[in-house]
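Novice: below is the sequence, then the predicted model.
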There are 2 protein chains.
Amino acid sequence: MGETPDNKLLLRALRREPVERTPVWLMRQAGRYLPEYRAVRAQAGGFLEMVQEPELAAEVTLQPIRRFGMDGAILFSDILLPLQAMGMELVFDEAGPSLPRPLRTRGDVEALTLGDPRTSLAYVGRALELVRAGLPGGVTLLGFAGAPFTLASYAIEGGTSKSFLELKELMYREPATWEALLERLSAMVAEHLLFQHEKGAEALVLFDTWASTLTREDYRRYAAPWTARVVAAVGERVPLVLFAGQAEHLFDDLCAFGPAAVAVDHRSDLASAFERSRGRCALQGNLDPGVLLATPTEVARRTRALLESVRGLRGHVLNVGHGVLPATDPDCVAAFVETARELRA
Amino acid sequence: MGETPDNKLLLRALRREPVERTPVWLMRQAGRYLPEYRAVRAQAGGFLEMVQEPELAAEVTLQPIRRFGMDGAILFSDILLPLQAMGMELVFDEAGPSLPRPLRTRGDVEALTLGDPRTSLAYVGRALELVRAGLPGGVTLLGFAGAPFTLASYAIEGGTSKSFLELKELMYREPATWEALLERLSAMVAEHLLFQHEKGAEALVLFDTWASTLTREDYRRYAAPWTARVVAAVGERVPLVLFAGQAEHLFDDLCAFGPAAVAVDHRSDLASAFERSRGRCALQGNLDPGVLLATPTEVARRTRALLESVRGLRGHVLNVGHGVLPATDPDCVAAFVETARELRA
């Protein structure tokens, strides 16, 4: 490809430099919709076994790159692993992840260990080294972590939640415990991201999956200060992409952190988001992952329309607005990536 | 109260007439957070038994009015009952509602019966009559139904869903089946709403709970035409409030239907929503129901701030942005209602 590390297409787009075409990758591009992923998963036994075995994690990270040729490869891992590294029990089963002993008291929070992720999450570093060694030239390696607020929601609820009752009760009624928890989580997240950068991650994504449960007022009070710490610790050294699911109401706050890019949900209009971003950052997004359940022809049509809607604007990284769904036909992912690769920016 | 039916506070606000204070009610104001509700529920045995027994449904509808004095009483019922009336099996258990034999084919859709809700949902009419008889003067009686899109999502998925895979596959890949289904559902919904109006409902709410899974483009194509039919059939005769959960991206489309009011999610800024509504309709909302998990003092503070933010604007009905959560302390609901009753508009 003749590209040096710094002039990779995805990194140039994140710096809002001119690009010859729009770089593309997909959140959850490695996953159950790929038969080769399901084969590795069956071999590994369980999800945790797969993400904690560097060879397997690296293999599934590379699978979509080999098959589709995206411009970014995001390490196959999970945002909850740092909670396990901090001493929480973590289980993955058919129903998804759970933490059987959720945090509820100040004592629970103080019992969290704050070890160095270079030791407690060493397998993440090893997996990144292996991916890097197998990655085609020109493809950018991405690491990631969960944002402090979202990690807190899992730690307190013990899993995913519809209403976040436990979280909100603790947040509103025990502010000191809340702050102690977010303090610890933001320190761990920042270190974990820096560790991933040391091991070869050229860009990082911070996933604040559940931030949208908060109003803007509460986001500013209960989540933003700790995201700001992570951005301050990491953002100067390596490009950081901020993701918050279905959170149009938080878009201006995300831009104001000054990250390299903000991910845009598919329910927001991308061209309007570019206007609202006022050149503060690049934008990632935002095809509806539900559209990948349609036909390849329809996927190509919608992808072209999306790219046309922001043609000529600098700093666009094509992606889905949320992760690829397990029922997706790989041919639809191919149509998405190929459409991006064919169109000049 | 000396109010004739037409000059009830809530109805005047829905017509955007001047009011002496902002009317208030809460979505899911009857429910598990109330001990008197739990007592009736225990007596009834199950959820379906309760909503289909007019005396019990009327009793729980009136409970929050007696305790808190809201300006609107919404019939205790469920949006899925019309699906049962159309021939689908419907089960409520601890995990929520489910439809054990979801619709997947054109044949399934054609097997739906389109009987008159005046017969198949007669118990709803009887419950409304009982509520009306027991309702204090000045309190507006509200009926409701699920919007065609949201009913379709339950009918196809067989229950609630995170990703709506079955729905989207059918919607994108079998448009004729989709249209046949939405056609039937919108006819049933319109008749059911008119029936509720005949039985005493003075205003109606159309809940499109899951519309926010759609991008604006898809909402316009796959949902809006059938909501428009319901609005056309009903909206001229009785004030209609349109609700779509967490759907800021659909706000302009909802206003454009020309309903009496649009419900605003708590993650949207209410004052900005008034600007965007450009006088087309009243607005309902939008305290975060999560805030009702805080203390009564905090609830009162936030409610005052919310009312202040739209002071002087006509056509505001105070409500929560989404339903009251089961873990809510009744004292927090009291603080919300009392704050509204104390402040002059």
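Specialist: Thanks, I have it.
Novice: wait, is A:Asn319 part of a helix?
Specialist: No: using DSSP: H, G, I helix; E, B strand; the rest coil, the assignment for A:Asn319 is strand, not a helix.
Novice: which SS state does the residue nearest to it when sequence neighbours are not counted fall under?
Specialist: Sequence neighbours aside, A:Gln284 is the residue nearest to A:Asn319 in space, at 4.8 Å (criterion: C-beta to C-beta, 6 or more residues apart in numbering or on different chains). Bear in mind the C-beta positions are built from the backbone N, C-alpha and C, glycine included. Of the three states, A:Gln284 takes strand under three-state DSSP.
Novice: give the contact list for A:Gln284.
Specialist: Counting by C-beta atoms under 8 Å, 6 or more residues apart in numbering or on different chains, A:Gln284 touches A:Val241, A:Phe243, A:Ala261, A:Val262, A:Ala263, A:Val264, A:His316, A:Val317, A:Leu318, A:Asn319.
Novice: repeat that with 10 Å
Specialist: Contact partners of A:Gln284, counting by C-beta atoms under 10 Å, 6 or more residues apart in numbering or on different chains, are A:10, A:13-14, A:23, A:25, A:27, A:72, A:205, A:241-243, A:260-264, A:270, A:315-321.
Novice: from the residues you listed, which land in helices?
Specialist: Of the contacts of A:Gln284, the ones assigned to helices by DSSP state H are A:Leu10, A:Ala13, A:Leu14, A:Leu270.
Novice: widest-spaced pair of those residues?
Specialist: Greatest spacing in those, by C-beta to C-beta: A:Leu10 and A:Leu270 (17.4 Å).
Novice: compare these two (neighbour count), which wins?
Specialist: Higher neighbour count among A:Leu10 and A:Leu270: A:Leu10, with 27 against 22, using other C-beta atoms under 10 Å in any protein chain shown.
Novice: so where's the stretch 201-345 of chain A shaky on pLDDT?
Specialist: Across the stretch 201-345 of chain A, not a single residue meets the criterion (pLDDT under 70).
Novice: and the ones in helices among the contacts of A:Gln284, which is closest to A:Leu48?
Specialist: Using C-beta to C-beta, the ones in helices among the contacts of A:Gln284 come closest to A:Leu48 at A:Leu10, 29.2 Å.
Novice: near chain B, which residues of the stretch 101-250 of chain A?
Specialist: When proximity is defined as C-beta under 10 Å from any C-beta of the partner chain, the stretch 101-250 of chain A approaches chain B at A:160, A:162-173, A:212-219, A:246-250.
Novice: buried among these? Make that a PyMOL selection.
Specialist: Listed next is the PyMOL selection for buried residues among these, using 16 or more other C-beta atoms under 10 Å in any protein chain shown:
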select buried, chain A and resi 163+164+165+166+167+168+169+170+171+172+212+213+214+215+216+218+219+246+247+248+249+250
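Novice: can you show me the strands along the stretch 1-150 of chain A?
Specialist: A:72-74, A:91-93, A:96-98, A:140-146 (DSSP state E, counting those that start in this stretch).
Novice: tell me the mean pLDDT for the third one?
Specialist: Spelled out, it's strand A:96-98. Here strand A:96-98 scores 94 as its mean pLDDT.
Novice: could you report the neighbour count for A:Pro289?
Specialist: 24.
Novice: do the one 10 residues further on as well
Specialist: Using other C-beta under 10 Å, A:Val299 has 26 neighbouring residues.
Novice: name the element it belongs to?
Specialist: helix A:296-309 (DSSP states H and E).
Novice: other SSEs contacting that helix?
Specialist: helix A:270-277, strand A:282-287, strand A:316-320, helix A:330-342, helix B:165-173, helix B:216-222 (3 or more C-beta pairs under 10 Å, 6 or more residues apart in numbering or on different chains; DSSP states H and E).
Novice: quick one, the fifth one and helix A:296-309 angle?
Specialist: For the pair helix B:165-173 and helix A:296-309, the angle between their directions (axes from the mean of the first three to the mean of the last three C-alpha atoms, to 10 degrees) equals 80 degrees.
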